[in-house]
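Engineer: Please work out how this folds:
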Amino acid sequence: MIFDTHAHYDDDQFQEDREILLRSMKENGIGRIVNISSDKESIAKTVELTRQYPFIYGAVGIHPSDCGGLDHSFIEEIRKESRRDKIAAIGEIGLDYYWKDVEKEVQKWWFEAQMQLAREEKLPIVVHSREAAQDTLEMMRASKAEEIGGVLHCYSYSKEMAKLFLDMGFYIGIGGVVTFKNAKKLKETTEYVPLDRIVIETDCPYLAPVPNRGKRNSSLNLRYVVEQIAQIKGISYEEVEQTTYRNALTLYRMED
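Structural biologist: So this is what the prediction gives:
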């Protein structure tokens, strides 16, 4: 079975066929999914998905591109939601310097505050970092994130940077981008990172792998990611599938 560690099934792109699609997961080899929040509205939708589907778990948090204009007191609302059944992490949180919508200092406040919340609630973190590698690393070190644990979602940096996150005990999230022909850096990182530190993800409805690049993504496409990782590492499909499933259970502190 496959474990999709990062999905957004609350997204409007699934509005027409969400139930049909999710009901098909088990028969297609998808064992568990963690639906990840990004803003106030998606937190509530994520909680509802965890109630509707036994195999869906959730993460609650505010994405760096969605934290602008939020009152700092909302951190307590995240805390309340994080204590619900089947909430497995705080996320996705972090820094995104690609989009310029939210000032860096505002992003940093929310990243630090949510890391502290995760520490207090004893939950791992799901880290989003785009064009902000050094600041992300420095903030995680300052917050002693190695004591919190979690995953670098949709990893996009070098293998040298990956080593620094691995040294903190973090997992590396690999998704559809690894199948792209121009993803040389990510392929090198995937080869470098030990299999027992890799988890797989879709980030659906985004980042569909080849051969479905450009289309709406879903967990059903993860077999292409597994195949690519197996090819890069020169091991079997079954080993990648089984090991990444166990890794995800450990990351999210779940029982089998």
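Engineer: how about the nearest residue to residue 75, chain neighbours excluded?
Structural biologist: Distance criterion CB to CB, 6 or more residues apart in numbering; nearest residue to residue 75, sequence neighbours excluded, is residue 113 at 5.3 Å. Heads up, the C-betas are built off the backbone N, CA and C, glycines and all.
Engineer: Check which helix or strand that neighbour maps to.
Structural biologist: If you go by DSSP states H and E, residue 113 is part of helix 104-121.
Engineer: While we're on the residue nearest to residue 75, how confident is the model there?
Structural biologist: Note on residue 113: pLDDT of 98.
Engineer: okay, now it: neighbour count?
Structural biologist: Residues lying near residue 113 (other CB atoms under 10 Å) number 18.
Engineer: Touching, it and residue 74? I think so.
Structural biologist: No: taking contacts as CB atoms under 8 Å, residue 113 lies outside contact range of residue 74: 9.7 Å.
Engineer: On the three-state scheme, residue 38 is what?
Structural biologist: Classification of residue 38 by DSSP: H, G, I helix; E, B strand; the rest coil places it in coil.
Engineer: OK, contacts around the nearest residue to it once chain neighbours are set aside?
Structural biologist: Leaving out its chain neighbours, the residue that sits closest to residue 38 by CB to CB, 6+ apart is residue 63, at 3.8 Å. Contacts for residue 63 (CB atoms under 8 Å, 6 or more residues apart in numbering) come out as 37-39, 92-94, 96, 128.
Engineer: ditto for residue 173
Structural biologist: Residue 173 makes contact with 5-6, 151-155, 199-201, according to CB under 8 Å, 6+ apart.
Engineer: what do you get for residue 192?
Structural biologist: 159, 162-163.
Engineer: Reformat those residues as a markdown table; add distance to residue 21, secondary structure and pLDDT.
Structural biologist: Output for the contacts of residue 192, formatted as a markdown table (distance: CB to CB, whole Å; DSSP: H, G, I helix; E, B strand; the rest coil; pLDDT from 0 to 100):
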| residue | distance to residue 21 | secondary structure | pLDDT |
| --- | --- | --- | --- |
| 159 | 35 | helix | 96 |
| 162 | 32 | helix | 98 |
| 163 | 37 | helix | 98 |
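Engineer: so residue 223 sits right up against residue 30, yeah?
Structural biologist: No: contact criterion CB under 8 Å: residue 223 and residue 30 do not qualify, at 9.5 Å.
Engineer: Neighbour count: these two, which is higher?
Structural biologist: Neighbour count, other CB under 10 Å: between residue 223 and residue 30, residue 30 has more, with 22 against 17.
Engineer: so where is the stretch 151-256 of the chain shaky, pLDDT-wise?
Structural biologist: For the stretch 151-256 of the chain, no stretch has pLDDT under 70.
Engineer: Do a quick rundown of the strands in it.
Structural biologist: 171-174, 198-200 (DSSP state E, counting those that start in this stretch).
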